[in-house]
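Enquirer: need a 3D model of the sequence below.
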Amino acid sequence: MGTLLLEIRKSMGNASSSLDRWEMIEWFMSDAPQIKEKHESRNQ
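Expert: Below you'll find the predicted structure:
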């Protein structure tokens, strides 16, 4: 989802956006930090 939001942002004229997919999700969802933490703990 973060990748999709980032691509939409870039296609709307912000091609040089330095945000990553997690930052886009955090902008979109208030509980994104908890989701990110769970995701990263599973991948270790």
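Enquirer: right, and K10 touches S17 too?
Expert: Yes. If you go by Cβ atoms under 8 Å, K10 and S17 touch, sitting 5.8 Å apart. Any C-beta I mention is one placed from the backbone N, CA and C, and that applies to glycine too.
Enquirer: and the helix or strand I35 falls within, what does it pack onto?
Expert: Assigning secondary structure by DSSP states H and E places I35 in helix 32-42. Where contact means 3 or more Cβ pairs under 8 Å, 6 or more residues apart in numbering; DSSP states H and E, helix 32-42 is packed against helix 21-28.
Enquirer: okay, now E37: neighbour count?
Expert: 10 (other Cβ atoms under 10 Å).
Enquirer: look up how far W22 lies from it.
Expert: 11 Å (Cβ to Cβ, to the nearest Å).
Enquirer: ok, back up a step: what does the average pLDDT come to for the helix holding I35?
Expert: For helix 32-42, mean pLDDT rounds to 82.
Enquirer: ok, and what's touching that helix?
Expert: With contact meaning Cβ atoms under 8 Å, 6 or more residues apart in numbering, helix 32-42 is reached by 22, 25-26, 29.
Enquirer: which parts of that helix are buried?
Expert: Neighbour counts over helix 32-42 (16 or more other Cβ atoms under 10 Å) mark 32, 36 as buried.
Enquirer: alpha carbons of it, as PDB, please.
Expert: Output in PDB follows, covering the C-alpha atoms of helix 32-42 (Å, rounded to 0.1, in the frame of the first residue of the first chain):
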ATOM      1  CA  ALA A  32       1.300   2.600  11.000                       C
ATOM      2  CA  PRO A  33       4.200   2.600  13.400                       C
ATOM      3  CA  GLN A  34       2.800  -0.400  15.200                       C
ATOM      4  CA  ILE A  35       2.200  -2.200  11.900                       C
ATOM      5  CA  LYS A  36       5.800  -1.400  10.800                       C
ATOM      6  CA  GLU A  37       7.200  -2.800  14.100                       C
ATOM      7  CA  LYS A  38       5.300  -6.100  13.700                       C
ATOM      8  CA  HIS A  39       6.400  -6.400  10.100                       C
ATOM      9  CA  GLU A  40      10.000  -5.700  10.800                       C
ATOM     10  CA  SER A  41      10.100  -8.100  13.800                       C
ATOM     11  CA  ARG A  42       8.800 -11.000  11.600                       C
END
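Enquirer: fine by me, we can end here.
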